[in-house]
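Student: Structure for the following, please:
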Amino acid sequence: MIAGPNVHGTSYRGRLAPSPTGLLHIGHACTFWTAYRRAVEHGGTLIFRNEDLDPQRSKPEFARAMMEDLEWLGIRWQEGPDVGGPFAPYEQSRRRESYLAAWRKLRDGGFIYPCNCSRKDLALSAAAPNESDDGPLYPGRCREKAVEASQHEAPAGVNWRFRVPNGEMAAFDDLRQGPQHFIAGKDFGDFVIWRRDDVPAYQLAVVADDAAMAITEVVRGADLLKSTARQLLLLRALGLPAPAYYHCDLLRDEAGLRLAKRHDALSLRRLRQQGHAPQQILNRCTQQ
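Tutor: Alright, predicted model coming up:
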């Protein structure tokens, strides 16, 4: 069984890590306000990281908007864009070498393998059980290609998957949601850490960044609980310490669906234009 987190010997360091792929909504506001308040309560440092890895969807106008909207709410950070600091700028698009170093370490350790399966291949696989909103559980069609990994000097051209230890439990005590347990190979399968279009996947990038930036507590939405199990496996493979985790309850709309960036009517930018005050938004957060 793999368990987390490990205890860091450093003071509290939290982070805000939005993606500039759309306007922030009330759900984001509640999560980021929680991250801000926890950093303040611990007398710690809060960093801002612009997770702009997606070259197709990331837009500079969204990056500007999310910083402006968070500042409007009263959220302040001590490191990141417009602040400086030893790791500035905190933009994932400018941290490629860090991700490549992590990819090489995983390749050399035999933890990853190249995969040529398309989404259509996976969808048509009758043997692939469902992995809820993550899509089909990867059936392991390319696992035998692990021996080919050492032949690749660079990750571009194929998907790279992390070989999960089937049957092993990834467990952690979430500071909000309580004890969590996921079984590798059952609750999630071999997952992509580098995309065929030569873009690092979320799981790898966030693990590398949280470690490099010495994050001691990750505050994010409860929809990422399963991602934490995957990331604990990556952290172990890379020999990195795990932070603590605090997964906020998800804010939902009137139909019971969790909010997404497509909910423009509930975007912070739209609500600001309609004359809402920051405290009105924050009051909504305390009611969830």
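
Student: Quick check: closest non-adjacent residue to Pro60.
Tutor: Pro20 (7.2 Å; Cβ to Cβ, 6 or more residues apart in numbering). The C-beta positions use only the backbone N, C-alpha and C, and glycine is treated the same way.

Student: need the contact list for the one you found.
Tutor: Residues in contact with Pro20 (Cβ atoms under 8 Å, 6 or more residues apart in numbering) are Asn50, Glu51, Asp52, Ser58, Lys59, Pro60, Phe62, Ala63, Ala65, Met66.

Student: Just say helix, strand or coil for the nearest residue to Ala102 once chain neighbours are set aside.
Tutor: Spatial nearest neighbour of Ala102, excluding adjacent residues (Cβ to Cβ, 6+ apart): Ala208 at 4.6 Å. Of the three states, Ala208 takes helix according to DSSP: H, G, I helix; E, B strand; the rest coil.

Student: Touching, Ala208 and Arg96? I think so.
Tutor: No. Contact criterion Cβ atoms under 8 Å: Ala208 and Arg96 do not qualify, at 10.5 Å.

Student: between the two, who's got more neighbours?
Tutor: More neighbours surround Ala208 than the other of Ala208 and Arg96, with 24 against 14 (other Cβ atoms under 10 Å).

Student: one step back: find residues that contact each of Ala208 and Arg96.
Tutor: Common neighbours of Ala208 and Arg96 (Cβ under 8 Å, 6+ apart) are Pro200.

Student: next SSE after the lengthiest helix in the chain?
Tutor: Using DSSP state H to define each element, the chain has its longest helix at helix 26-41. Moving toward the C-terminus from helix 26-41, the next helix or strand (DSSP states H and E) is strand 45-48.

Student: For that following strand, which helices and strands make contact with it?
Tutor: Where contact means 3 or more Cβ pairs under 8 Å, 6 or more residues apart in numbering; DSSP states H and E, strand 45-48 is packed against strand 13-16, helix 26-41.

Student: could you redo the last one with a cut-off of 6 Å?
Tutor: When contacts are defined as 3 or more Cβ pairs under 6 Å, 6 or more residues apart in numbering; DSSP states H and E, strand 45-48 packs onto strand 13-16.
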